[in-house]
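Enquirer: Sequence and computational prediction follow.
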Amino acid sequence: MSSVTVLGPGSFRDPAGSLVMQEDRAVRTVFPEHAQDILAFLDSPVARNWTQTGRLIPTEVIETWKPGLTLQLAHPRIFFPSYSWEWTPAQLSAAAELTLDLCEDLISAGWILKDATPSNVLFEGGKPIFVDLLSVERRDLENPIWLACGQFIRTFLLPLAACGRLGWPLAAMLGRRDGYEPEELFHVLGPAQRLFAPWRSLVTFPVWLGNRRSVRSSPTMRRPAPVAEAILRRTLRSLRRTLREVTPAAVQSRWSTYEQTARHYSPEDWNSKRDFVNDCLLAAGPRYVLDIGGNAGFFSRMAASTGARVVAWDADAATTEQAWLLARQAQADVLPLVADLARPTPAVGWNNAEMLSLLSRSRGRFDLVMMLAVLHHLLVQAQIPMDHVASLTRELTRDWLLIEWVGPEDEKFRALSNGRDSLFGHLTEERFIASFSRYFEPVRRAALANGRSLHLFRIK
């Protein structure tokens, strides 16, 4: 079994232990004073049920534990880790629901979550999975307060409310390890807004009452065990209601209806494109696919239907939301993320190693990269040189590239160039093929009647 560390420190903030990512697994060290509790939890009906249903990361005890020693555990690697600033509101809401579901089941069994952030959750396709085992601790049966409640509000509810009601994108959470403080939103809300839901309970009351008061040591917080449990359950019900209230409804953008309004493809052209992509997927047989510019996910789901695991990037949040909802409805193994190849999310956190950059998570991870109707956006809007795109694409795929060429004569290309046609006249299909042929061997080509062409390349 490999012991090559490939992803830096993984996790080191929890006083109960640490996590290191290896080539084929994640290895967790639990410090001696917490080891017995973790083993007891792993043996509990809650942990077994959640693991069997795929909602909790599977765990293997690497070595027999003895009192006084650290406990070594191993988890399977989640194929493509992602962060909340790359998610859509529906994904963040699903992660919040999972957190509340787990906390509710834990309370019944005498456990509780000591922290509650999106960092505890990763996605496998459309399915959220709770991955932070050390967030579970024994519950003080007479304490009616969920101490992680404030963190849940700061990292789940306030970002969702700010996104849906103030227009703040979830991408603004980049680098915010503990979410929004109520004071931050209080000062941007109008006097009337502060008095109405959801702001009244999430922002105004905490600011007025002083939301940083400690409750852990308060002697007035002891209650008989049945009463304490009832209060905790009431807290979770209230958080669920608020979560439903603040989760934004799916919205439309200029790109979210692209697949229905793409009039620059005749029905014949669209069918030819669909058939060519499907034939290439079947011929290449990739296990892992990256769909760059995946839009609402038609071709992502096509790739998944051939047996591939798919990660899809699109810079438009509304379109990505639609892609995720459709993939989840179809139970397709597709993980759509809000991501822009021209401006990929950077590494953040301690030593720039806690949360890895989008590209470092992606290089060499995929058997096939799809770039359908996206290259001209990189060339014109982002003004990335062709050779640079070809070079980076080579780093992302370890075998195949399926790409669509859209030239300067195309109506959508001209719309992007906005009268600057002379700047891009040198971008010909011949130059495109020459640039990509430095790294790839052309395998197949299909010309569409609208002047576009589709190309399957393979690494030399």
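Expert: Great, that's in hand.
Enquirer: any idea how far the spatially closest residue to Tyr83 that is not a sequence neighbour lies from Ser84?
Expert: Among residues not flanking Tyr83 along the chain, Met355 sits closest, at 5.6 Å (C-beta to C-beta, 6 or more residues apart in numbering). C-beta here means a position set from N, CA and C on the backbone, and glycine is covered the same way. As defined by C-beta to C-beta, to the nearest Å, Met355 lies at a distance of 10 Å from Ser84.
Enquirer: Kindly report the same for Ile112.
Expert: When distance is defined by C-beta to C-beta, Ile112 is 22 Å away from Ser84.
Enquirer: Leu122 too?
Expert: 11 Å.
Enquirer: likewise Val131?
Expert: To Ser84, Val131 is 13 Å away according to C-beta to C-beta.
Enquirer: out of those two, which sits in the more crowded spot?
Expert: The neighbour count for Val131 versus Ser84, taken as other C-beta atoms under 10 Å, is higher for Ser84 (22 against 18).
Enquirer: ok, and the closest non-adjacent residue to that one?
Expert: Among residues not flanking Ser84 along the chain, Pro118 sits closest, at 3.8 Å (C-beta to C-beta, 6+ apart).
Enquirer: What of Trp50?
Expert: Trp50 sits nearest to Leu56 (C-beta to C-beta, 6+ apart), 3.7 Å away.
Enquirer: In contact with that neighbour, which residues are there?
Expert: Going by C-beta atoms under 8 Å, 6 or more residues apart in numbering, Leu56 touches Ala47, Trp50, Leu102, Ile129, Phe130.
Enquirer: what helix or strand is the fourth one on?
Expert: Ile129 is part of strand 127-130 when elements are defined by DSSP states H and E.
Enquirer: List the buried residues for the helix or strand just after that strand?
Expert: Sequence-wise, the next helix or strand downstream of strand 127-130 (DSSP H and E) is strand 136-138. Using 16 or more other C-beta atoms under 10 Å as the burial criterion, the residues of strand 136-138 that qualify are Val136, Glu137.
Enquirer: For Ala35, give its distance to Gly190.
Expert: 52 Å.
Enquirer: and Leu102, helix, strand or coil?
Expert: For Leu102, the assignment made with DSSP: H, G, I helix; E, B strand; the rest coil gives helix.
Enquirer: Nearest residue to it in space, please, no chain neighbours.
Expert: Phe130 (5.6 Å).
Enquirer: For the stretch 201-350 of the chain, give me the ranges with low pLDDT.
Expert: In the predicted model of the stretch 201-350 of the chain, residues 211-220, 251-263 satisfy pLDDT under 70.
Enquirer: Spell out the residue ranges of the helices in it.
Expert: 205-209, 225-246, 258-261, 267-284, 298-305, 317-330 (DSSP state H, counting those that start in this stretch).
Enquirer: One more: the stretch 1-150 of the chain?
Expert: Using DSSP H, counting those that start in this stretch, helices in the stretch 1-150 of the chain cover 32-42, 45-52, 89-108, 149-152.
Enquirer: And the stretch 351-460 of the chain, by the same measure?
Expert: 358-362, 375-376, 386-396, 411-417, 421-424, 429-436.
Enquirer: Test my guess that Arg139 contacts Ser108.
Expert: No. Here Arg139 lies out of contact with Ser108, judged by C-beta atoms under 8 Å, at a distance of 10.0 Å.
Enquirer: Next one, pLDDT for the closest residue to Gln331 other than its chain neighbours please.
Expert: In space, and not counting its chain neighbours, Gln331 is closest to Gly126: 7.5 Å by C-beta to C-beta, 6+ apart. At Gly126, the model reports a pLDDT of 89.
Enquirer: Pull the contacting residues for Glu404.
Expert: Taking C-beta under 8 Å, 6+ apart as the test, what Glu404 contacts is Lys273, Met371, Leu372, Ala373, Val374, Leu375, Arg452, Ser453, Leu454, His455.
Enquirer: Give the burial count for the residue nearest to Gln331, as a bare number.
Expert: Residues near Gly126, counting by other C-beta under 10 Å: 22.
Enquirer: Over to Ile433?
Expert: So Ile433, with other C-beta under 10 Å, has 16 neighbours.
Enquirer: Make 170 the first number, not 1, from now on.
Expert: Sure thing, new numbering starts at 170, so read that last one as Ile602.
Enquirer: returning to that earlier point: what's the most distant pair in the contacts of Leu225?
Expert: Farthest pair in the contacts of Leu225 (C-beta to C-beta) is Ala216 and Ile298. Separation: 13.4 Å.
Enquirer: measure Arg403 to Leu544 for me?
Expert: The gap separating Arg403 from Leu544 is 54 Å, by C-beta to C-beta.
Enquirer: go on, Leu271?
Expert: Counting by C-beta to C-beta, the gap from Leu271 to Leu544 is 43 Å.
Enquirer: neighbour-wise, which of Arg403 and Leu544 wins?
Expert: Remark: of Arg403 and Leu544, Leu544 carries more neighbours, 23 against 11, as counted by other C-beta under 10 Å.
Enquirer: residues contacting the more buried one?
Expert: Shown in contact with Leu544 (C-beta under 8 Å, 6+ apart): Val558, Ile572, Glu573, Trp574, Val575, Phe601.
Enquirer: Bridged to the second one, which residues?
Expert: Read that as Ile572. For Ile572, the beta-bridge partners under DSSP bridges are Met540, His624.
Enquirer: burial of it, as a residue count?
Expert: 23.
Enquirer: Let me see the contact set for it.
Expert: Residues counted as contacts of Ile572 (C-beta under 8 Å, 6+ apart) are Met539, Met540, Leu541, Leu544, Thr562, Phe605, Leu623, His624, Phe626.
Enquirer: With the first one instead?
Expert: For Val558, the contact set (C-beta under 8 Å, 6+ apart) comprises Leu544, Leu547, Leu548, Ser604.
Enquirer: what's the distance between it and Cys449?
Expert: 19 Å.
Enquirer: Can you spell out the domain ranges of the chain, please?
Expert: Domain ranges of the chain: 186-245, 253-415, 427-628, per automatic domain parsing.
Enquirer: Relative to Asp579, how far out is the residue most central in space within the chain?
Expert: Residue closest to the mean C-alpha point of the chain, counted by C-alpha atoms, centre = their mean, is Ser251 at 3.8 Å. Relative to Asp579, Ser251 is positioned 33 Å away (C-beta to C-beta).
Enquirer: go on, Phe626?
Expert: Counting by C-beta to C-beta - Phe626 and Asp579 are separated by 21 Å.
Enquirer: more crowded one of those two?
Expert: Between Phe626 and Asp579, counting by other C-beta under 10 Å, Phe626 is the more crowded of the two (25 against 17).
Enquirer: Now do the contacts for the closest residue to the more buried one other than its chain neighbours.
Expert: Excluding its sequence neighbours, the residue lying closest to Phe626 (C-beta to C-beta, 6+ apart) is Phe609, at 3.5 Å. Shown in contact with Phe609 (C-beta under 8 Å, 6+ apart): Ala559, Arg563, Leu570, Phe626, Arg627, Ile628, Lys629.
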